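Undergrad: Test case, fold it:
(chains A and B)
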Amino acid sequence: MSEAAPRVNASASLVEAQAFLEASRTLILFGRDAAGIPAGRFEGALHGNLGRIALPVQGLPLRGGDRFAALLQLPPMPAQQIRALEVAPERLIPFAPSCRALPPEEGLERARRALREAPADARTAAEPLLPRRSFSGTDTLPRLAASAVHLAVDRALRLGGKGMLLTGWLLDPGKQLAALRVCTEAESHPVDLSAAAVIPRPDVREAAGVAFALDHDDWGFSAFVPLCPAPDETCWIEVELRDGEVGQRALAPVEGAGLAVIRQVLATPRAAPSRLAAVMSGTIGPAVEALNEARLQRPRDATEITYGTLPEAPRVSVVVPLHGRVDFMEFQLALFSAAPDPEAELIYVLDDPRRRAETEALALSAHARFGLPFRLVLLEENWGFAPACNEGARRARGRHLCMLNSDVFPQLGEGMGFLAALSARLDADPTLGAVAPLLLFEDGTVQHQGMRFEAVRGLPPWPFPIHERKAHPAPEGAGLIAAPALTGACLVLRREDWDVLGGFDEGFVIGDFEDADLCLRLRERGLGCAVDPAPRLFHLERQSQEEGAGWRFHATLFNAWRHDRRWGAKLAS
Amino acid sequence: MGRKTRVVSAPAPRERRVLVVSHTHPRLTRGGAEIAAYEQFRRLKETPGVRAFFLSGNAGWHARRTGVVIQRPWGEDEFLAEAPGYDHFRHANSSPALAREFGELLEELRPDVVHVHHYLGLGVELFQAVRRHVPGARLVLTLHEFLLICNHFGQMVTRPDLVLCTHASPQRCHRCYPEHEPRAFFLRELWLKRFLAEVDLFIAPSHFLMERHVAWGLPRERFRVLENHLPPHDPGPELPRRGGPFRAGFFGQMSKLKGIDVLVRAAELLEERGADAVIELHGSAENQPTSFREHVAKVLASPPRHFIHRGPYRNAEVTELMRGVDAVIVPSIWWENSPLIIREAARAGRPLIGSGIGGIAEKLEELPGSMTFRAGDAMDLADRIIEMAALPPEARTPAPELEGPGIEALLALYDEAAALPR
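TA: Next comes the predicted model:
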């Protein structure tokens, strides 16, 4: 506590009125001349007759700087006479001798008005200090129609306790909207429309286009709020206009869970390139992350069937997740059977419960025709690429693991020969963490010869794995080709390393970036990655039809966003 | 206890066991491939020192037996296999029951040679089954058309325009079948070749067929050209020619690819030019798609004056009917392999006029007195008919009979197959 008398600043700033809200211990100050008042939260202090009390302050410069408001939450303290607000170490704003003590209701009303005028960031930070309006349960949104503000929330999707995704539309031709927030009795969160995804709503334009002179369809939004009411908790959306008018409407959140909902969220229309990063980090990213974390908590039930007699102590376990095209298993087994590897165990993991009957029938038939032994793990639900791979690897017995996609096929007559070649590479070099074969397109040009990381034009500045020499002629020579990362379409590593790393990171969705991330984690442990150009397999990459699936783009972008947060800085350095 | 004395007798000349496989049985259907396969089986059976068996697909023609895939309705050395679950795109048969029973049959018969005439319906996996269940047996495959290369019924003509096609590729095939992605054709080829790799020796009845398959990637060193066996037939005595116009006869299925439209147009041209020649058509359109049957019915309702539809015929009548014409026409608009009709015409002693492409051109080259015309070109066909009609009958060279291979030639190929490195 300082004994020195407060030094009054030479500027004309002065606190002219104050109000104290007993329940929340919020002190609201109003004054003139905002020069030197920081906008938003700053570390300030109050100076009173008992000394200096340091505490955070929410500053709200108003009306181009002639006035200001400030919000403070007082700690428990003895009653005292406050004399000045410290806004910076050398800068005190005195309380006017005529400083009025406003009744709490009036103070609150003036503070709310001040918030509406304040810059958005400052408002967002200060708002939680004010007590929220209560909700009577009555829908008062229609009142706002007089100011031409229309809001509809078509769906509030609960995201596994981590937040909600609101989807609806908003018309505000007169720019009357001051704040939009989602509230419960306990909490309130602003809805950040600047990071919301834009959803075309031709129906809105059709209905209101003439009255409001709408010249495009982009009136829909999808926005994330980090607030998730309990299932029976009252929850409402609140719209506040610049003139102080407020409308409220109850929300009835619905539960969202599982990959299907994740795909739905990922299928959100693509934003303009300059907004992609904002929409991903503000809306799609947190929503998908919340949904994904929630779904991964569920128990993973699975059934396993063994066909034929497996090797007793396999050298390598080959894990192949199956989704969609299960018939690729038939092609692989047929081609593998041309040259079997008696030290390899094959583990197919069906990650598509709709295809269980078909897959079992195919497995039975493939075993009868081709005679190769293999294991078939049937997941009870669709878990996605990383969990399916991890489930398969968990059951593996080999000291090496080969993670293999179902659309990778050996060349004629080569069968399973690539496995011995890649195992030998691992055995020969303890500093090698993972090794992949050369993967070819149908026309014999390179599909995969290692991956490097690079930003992609038109996408947010995140590192993306780029395939080296894609569609170039296959390389000459037989020496290992070192690579920053390898594709998970076919890579061999030690099971021991896999177990230490915990396998593929399941936080990525739908099969993308897990491989790059795994390779970078191997590198962190001092283990390198390389391509062996001698064993060559075909890889029939996803075809355009699937790439065009609405969710595919955002899945990649989500994974890139996640990957960037983990590796962006390290890769840049 | 006294020791048993082993009686060692001189080894009997080793019996050669041959299993002939066909997609269907001539008792069920009358296509060229099954007739050839069965004829070969019949001759092998008559050959001393050979034990022959015949396995054919059923394809729904014969009554099925519940719980059994392979039945024996026609004696102990003939087998009829159900082929459920057939994939016509990849020529795969996913039936585990067929795989099991075929494997058991192979182990029971212990053939030295498995000679497959057609995998259709049974699935190319049967090649691997031979390797797995009778590893010592040699596998011989006779090809009858371009089915491995071309999904369009193995005809190597485009779909839907029926333009002659020279080679397959994922992109080209996708243009004919937009419903299958290019990569589906890539996989189809990979799949087929994986099983074809088990074959020791391929037999092509024409060089043309062989070259197409070699170009497709099958190993030339495993190919031999050998004609199929024709069932014996006594043509009877030749009767003197009756008078009237020059008669050019067509024999066979009235299908678009057999060149029916070319025939009709050529008949119109013959009429326009007042030629003293007619085209006779023997056969029917009974197995054709509805739209083409309707088209044929329309043509036959008011045919050109120089076009005579003589109706369907039985195979046993073919020689006699051919002797009733002055020349036999083979106007196919697809490549053909070694058309049976050419050999039948040769046996009937009639010259041929055929499309100058593929297997037809190759076979006609061996037949002096025969002529070729530009495939699909009715004008050229009409010219050739008029040209041949202008020759006095005694100047027309009857085609010499094409000798089919003896069974010894086949057995020699089996020995070659056994000598080829695997």
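Undergrad: okay, CA-based contacts and neighbour counts for the rest of this
TA: Will do.
Undergrad: mind listing the strands for the stretch 301-422 of chain B?
TA: B:307-311, B:327-330, B:352-355, B:371-373 (DSSP state E, counting those that start in this stretch).
Undergrad: Are there helices or strands packed against the second one, and which ones?
TA: Strand B:327-330 is packed against strand B:246-251, helix B:340-348, strand B:352-355, with contacts defined by 3 or more Cα pairs under 8 Å, 6 or more residues apart in numbering or on different chains; DSSP states H and E.
Undergrad: ok, A:G44 touching A:Q58?
TA: No - using Cα atoms under 8 Å, A:G44 is not in contact with A:Q58; the gap is 9.1 Å.
Undergrad: rewinding a little: list just the one of the strands of the stretch 301-422 of chain B that sits closest to B:S95.
TA: Taking Cα to Cα as the measure, the strands of the stretch 301-422 of chain B were each checked against B:S95, and strand B:327-330 came out nearest at 39.3 Å.
Undergrad: out of the helices and strands packed on strand B:327-330, deepest packed?
TA: strand B:352-355 (a mean of 27; mean count of other Cα atoms under 10 Å in any protein chain shown).
Undergrad: Okay, now the sheet partners of that strand, with direction.
TA: strand B:327-330 (parallel), strand B:371-373 (parallel) (DSSP bridges).
Undergrad: got these as a markdown table, with distance to A:F30 columns?
TA: Below are the strands paired with strand B:352-355 laid out as a markdown table (distance: least, Cα to Cα, whole Å):
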| stretch | distance to A:F30 |
| --- | --- |
| strand B:327-330 | 105 |
| strand B:371-373 | 105 |
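Undergrad: Nearest to A:R132, out of the ones you listed?
TA: strand B:327-330 (93.1 Å).
Undergrad: sorry, back to before: compare the mean pLDDT across the helices and strands packed on strand B:327-330 and name the weakest.
TA: Least confident of the helices and strands packed on strand B:327-330, judged by mean pLDDT, is helix B:340-348 with a mean of 90.
Undergrad: residues in contact with that one?
TA: Around helix B:340-348, the neighbours that count as contacts under Cα atoms under 8 Å, 6 or more residues apart in numbering or on different chains are B:32, B:235, B:251-252, B:318-320, B:322-323, B:328, B:330, B:351-352, B:360, B:363-364, B:398-402.
Undergrad: Which secondary structure element is home to the residue of the stretch 101-250 of chain B found nearest chain A?
TA: The stretch 101-250 of chain B approaches chain A most closely through B:R194 (6.0 Å), counting by Cα to the nearest Cα. Using DSSP states H and E, B:R194 maps to helix B:182-196.
Undergrad: Am I right that A:F135 is in a strand?
TA: No - counting by DSSP: H, G, I helix; E, B strand; the rest coil, A:F135 falls outside a strand, being coil.
Undergrad: so it touches A:Q248, yeah?
TA: Yes - between A:F135 and A:Q248 there is a contact at 7.3 Å, judged by Cα under 8 Å.
Undergrad: list residues touching both of the two?
TA: A:W236.
Undergrad: returning to what we had before: go through the contacts of helix B:340-348 and flag which are in helices.
TA: B:32, B:318-320, B:322-323, B:360, B:363-364 (DSSP state H).
Undergrad: Dump the helix or strand hosting B:A37 to PDB, keeping only the CA atoms.
TA: Using DSSP H and E, B:A37 sits in helix B:32-46. Output in PDB follows, covering the C-alpha atoms of helix B:32-46 (Å, rounded to 0.1, in the frame of the first residue of the first chain):
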ATOM      1  CA  GLY B  32     -18.500 -73.100 -80.600                       C
ATOM      2  CA  ALA B  33     -16.400 -73.300 -77.400                       C
ATOM      3  CA  GLU B  34     -18.300 -76.000 -75.700                       C
ATOM      4  CA  ILE B  35     -18.600 -78.000 -78.900                       C
ATOM      5  CA  ALA B  36     -14.900 -77.800 -79.300                       C
ATOM      6  CA  ALA B  37     -14.200 -78.600 -75.700                       C
ATOM      7  CA  TYR B  38     -16.400 -81.600 -75.700                       C
ATOM      8  CA  GLU B  39     -15.100 -82.900 -79.000                       C
ATOM      9  CA  GLN B  40     -11.600 -82.800 -77.600                       C
ATOM     10  CA  PHE B  41     -12.700 -84.700 -74.500                       C
ATOM     11  CA  ARG B  42     -14.400 -87.300 -76.700                       C
ATOM     12  CA  ARG B  43     -11.300 -87.800 -78.700                       C
ATOM     13  CA  LEU B  44      -9.000 -87.900 -75.600                       C
ATOM     14  CA  LYS B  45     -11.300 -90.500 -74.200                       C
ATOM     15  CA  GLU B  46     -10.900 -92.700 -77.200                       C
END
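Undergrad: which residues sit against the helix or strand A:V239 falls within?
TA: Element membership for A:V239 (DSSP H and E) is strand A:235-241. For strand A:235-241, the external contacting residues (Cα under 8 Å, 6+ apart) are A:116, A:135, A:141, A:176-185, A:229, A:246-252.
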